[in-house]
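> Give me the fold of what follows.
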Amino acid sequence: MEAKRMSDQELIQQFLSGDREGIEKLINRHKTKVYTYILLVVKNQQLAEDIFQDTFIKVIRSLVDGKYKDNGRFASWVIRIAHNLIIDHFRKEKQINTLSNDDYEADIFNSKKLSDQNIEDVLIREQITNDVRMLIDELPEEQKQVILLRHYGGMSFKEIADQTDVSINTALGRMRYALINLRKLISRKNINLTMS
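Prediction:
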């Protein structure tokens with residue numbers, strides 16, 4: 001209960017003063033959002049787990065080195081670190097855009113979260129998620145990046161602009177064109193993205 005009441009900055013201070021519990025609570029607080037973002041980008045569970053680990057190792061080192069300046073956006077800072085590690089990985093492997101959806105392994109039938117739903121709803125939701133992800137993959141790289149950072153990474157347009165070295169207006173424009181292009185793709189491919 002106490003961890004819920006403590007801010008990210010208070011947990012950081014707890015960690016920096018020698019109490020490891022601070023960093024453990026921070027990781028637990030943000031792990032789902034960070035891991036989900038990484039997995040949606042790399043589409044490979046093992047790779048996502050590796051990058052997730054590397055992200056928090058870098059977070060810990062950066063905190064110890066005093067590289068984090070509190071601005072109330074700790075989660076966005078962590079996602080930026082993860083994003084940069086993903087880019088570094090693909091640069092090293094020289095395989096940008098070569099991972100396929102076949103690399104993603106998830107057993108939807110054994111998910112505790114989904115056990116109360118009927119299997120048809122689970123399959124439809126999974127299909128919608130896959131369809132959306134496939135459509136996003138067809139967008140130009142700059143538009144795809146802004147959608148991933150905004151909707152999966154939870155970043156503001158200011159943070160996206162900073163992350164991608166463009167103006168806020170350019171980031172907003174890329175999002176606008178991404179949505180226009182997604183609508184065109186949905187219409188052209190006659191894809192239904194509703195549960196009914």
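> Test my guess that residue 45 contacts residue 39.
Yes. Under the criterion of C-beta atoms under 8 Å, residue 45 makes contact with residue 39 at 6.8 Å. Every C-beta, even on glycine, is put in place using the N, C-alpha and C of the backbone.
> Do you know the pLDDT at residue 17?
With respect to pLDDT, residue 17 has a value of 92.
> buried sites along the host helix or strand of residue 54?
In this assignment (DSSP states H and E), residue 54 forms part of helix 45-64. Going by neighbour count (16 or more other C-beta atoms under 10 Å), the buried part of helix 45-64 is 47, 48, 51, 52, 54, 55, 56, 58, 59, 63.
> again, but for stretch 127-136
For stretch 127-136, by 16+ other C-beta under 10 Å, it's 131, 132, 135, 136.
> Now for the residues you listed: which two are most distant?
131 and 136 (9.8 Å; C-beta to C-beta).
> got any ranges where this protein has weak pLDDT?
1-4, 94-125, 193-196 (pLDDT under 70).
> Could you double-check that residue 89 sits in contact with residue 52?
No. Between residue 89 and residue 52 there is no contact under C-beta under 8 Å: 11.9 Å.
> re earlier: right, and the helix or strand after the helix holding residue 54?
Next along the chain from helix 45-64, counting by DSSP H and E, comes helix 74-93.
> in that following helix, what counts as buried?
Going by neighbour count (16+ other C-beta under 10 Å), the buried part of helix 74-93 is 74-83, 85-86, 89-90.
> Equivalent analysis for stretch 152-171, please.
152-155, 157, 159-161, 163-164, 166, 170-171.
> what's the spacing between the spatially most central residue of the chain and residue 156?
Nearest to the geometric centre of the chain sits residue 37, at 1.6 Å (C-alpha atoms, centre = their mean). Noted for residue 37: a distance of 15 Å to residue 156, by C-beta to C-beta, to the nearest Å.
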